[in-house]
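S.K.: Pasting the sequence and the predicted model now:
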Amino acid sequence: MGTTGTDTALETADIALMADDIGNLPYLYALSHEANGVIRQNIWASLGVKALLALGVPLAW
């Protein structure tokens, strides 16, 4: 019963520490902010490319 609850908690948690060392939390916090920045950059880049392609379609005919 205890292991089933642990597996469920790990699957539903936003973050799970796999070791007892919480000294890595500042690094993980900075890493998550950097990853979010890259994700936002990719989203804006893809939207920009789609906008350019949408504007170029009428000019192709």
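M.R.: Sure thing, it's come through. Numbers count the residues shown, from 1 in each chain.
S.K.: Number of residues surrounding residue 14?
M.R.: By other C-beta atoms under 10 Å, 4 other residues sit near residue 14. Every residue, glycine included, has its C-beta placed from N, CA and C.
S.K.: Assign it to helix, strand or coil.
M.R.: coil (DSSP: H, G, I helix; E, B strand; the rest coil).
S.K.: Dihedrals phi and psi, it?
M.R.: Here is the backbone geometry of residue 14 (degrees, to the nearest 10): phi -70, psi -30.
S.K.: what about residue 54, which SS state?
M.R.: Quick answer, by three-state DSSP: residue 54 is helix.
S.K.: what's the burial count for it?
M.R.: For residue 54, the neighbour count with other C-beta under 10 Å is 9.
S.K.: and what of residue 38?
M.R.: Neighbours of residue 38 using other C-beta under 10 Å come to 9.
S.K.: Sticking with it, tell me its helix or strand.
M.R.: In this assignment (DSSP states H and E), residue 38 forms part of helix 25-60.
S.K.: and residue 15, what is it in contact with?
M.R.: residue 28 (C-beta atoms under 8 Å, 6 or more residues apart in numbering).
S.K.: distance of residue 14 from residue 6?
M.R.: 16 Å (C-beta to C-beta, to the nearest Å).
S.K.: go on, residue 44?
M.R.: From residue 44 over to residue 6 (counting by C-beta to C-beta), the distance is 40 Å.
S.K.: now do residue 45
M.R.: For residue 45, the distance to residue 6 equals 40 Å [C-beta to C-beta].
S.K.: quick check: mean pLDDT across the helix or strand that contains residue 10?
M.R.: Here residue 10 sits within helix 2-12, counting by DSSP H and E. Helix 2-12 comes out with an average pLDDT of 71.
S.K.: what do you get for stretch 27-42?
M.R.: Averaging pLDDT along stretch 27-42 gives 95.
S.K.: One more: stretch 52-61?
M.R.: 88.
S.K.: Next, give phi and psi for residue 18.
M.R.: Here residue 18 shows phi and psi, under degrees, to the nearest 10, equal to phi -90, psi 0.
S.K.: what number of residues lie near it?
M.R.: When neighbours are defined as other C-beta under 10 Å, residue 18 has 6 of them.
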